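Colleague: Here is a sequence with its predicted model. Questions after.
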Amino acid sequence: MLQIIRLVTLILAVVGGGMLPFVVSDALKSYEAYQKAQQLRSNVLRLQGAYAEYQRGVDLYKAYRQRMSAFSQVAQDSGIVRGEWVRYEVDMKERLVDVPQMGFLLENARNGGHYYYDPVSFELFASEHPVMEKHTEAMGDDAGAEGSQALVSIKGTFLVYETK
């Protein structure tokens with residue numbers, strides 16, 4: 001009886017040993033399929049993110065187009081024509097101005113119904129600033145009372161709509 005058990009065990013071991021390469025091959029194929037599925041999942045998630053980013057860009061562009069369309073319609077209803085805007089380039093460098101002149105400059109650097117100011121740069125130096133001190137020293141005593149003047153640099157474009 002013991003010999004039969006040994007014989008059955010030996011047969012099972014030989015059959016099992018013969019099946020081992022097939023089982024290992026099948027396990028490796030399953031693992032390879034798992035890796036491909038993970039790669040595919042990773043690609044799908046990346047593409048979903050890219051699509052969502054693209055969709056946000058499309059939505060922003062549509063909103064921009066809608067705002068520009070509304071702006072164009074208002075401009076068209078007002079009778080404003082593209083070619084009737086006159087450009088004035090402003091390039092004022094380190095000019096010493098007093099308080100009323102400063103108010104005038106700031107008042108005109110705004111937008112209105114028939115004019116638009118597109119600033120490139122605006123610099124204002126108070127009397128305590130080293131640039132202002134250097135400028136007032138160069139001008140001498142004629143620079144005026146301290147604190148009542150400022151040094152201004154303005155650069156930009158002033159657009160004015162001329163009606164005919």
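Modeller: Good, I have the coordinates.

Colleague: Point to the residue nearest the middle of the protein.
Modeller: In the chain, the residue lying closest to the centroid (C-alpha atoms, centre = their mean) is Gly57, at 11.2 Å.

Colleague: Quick check, pLDDT for that one.
Modeller: Per-residue pLDDT puts Gly57 at 94.

Colleague: State the distance from it to Ala126.
Modeller: 43 Å (C-beta to C-beta, to the nearest Å). Backbone N, C-alpha and C define where each C-beta goes, glycine included.

Colleague: after the host helix or strand of Asn43 comes which helix or strand?
Modeller: Following DSSP states H and E, one finds Asn43 within helix 2-77. Remark: after helix 2-77, the chain's next helix or strand is strand 85-98, criterion DSSP H and E.

Colleague: I'd like the next helix or strand past that next one.
Modeller: Later in the chain than strand 85-98, the nearest helix or strand by DSSP H and E is helix 99-108.

Colleague: residue contacts, the residue nearest to the centre of the chain?
Modeller: With C-beta atoms under 8 Å, 6 or more residues apart in numbering as the criterion, no residue contacts Gly57.

Colleague: Relative to Tyr61, how far out is Arg67?
Modeller: Counting by C-beta to C-beta, the gap from Arg67 to Tyr61 is 11 Å.

Colleague: Which residues are in contact with each of these two?
Modeller: With C-beta under 8 Å, 6+ apart, Arg67 and Tyr61 have no common neighbours.

Colleague: Output the below-cut-off pLDDT ranges for the protein.
Modeller: Where the chain drops to pLDDT under 70, the residues are 78-83, 127-147, 163-164.

Colleague: And it, split by domain according to the record?
Modeller: Listed by automatic domain parsing, the domain ranges of the chain are 1-79, 82-161.

Colleague: which one of these has the most crowded surroundings?
Modeller: Most buried of the domains of the chain by mean neighbour count (mean count of other C-beta atoms under 10 Å) is domain 82-161; its value is a mean of 13.

Colleague: Distance from it to the middle of the chain?
Modeller: Relative to the chain's own centre, domain 82-161 is displaced by 30 Å; criterion: C-alpha atoms, centre = their mean, to the nearest Å.
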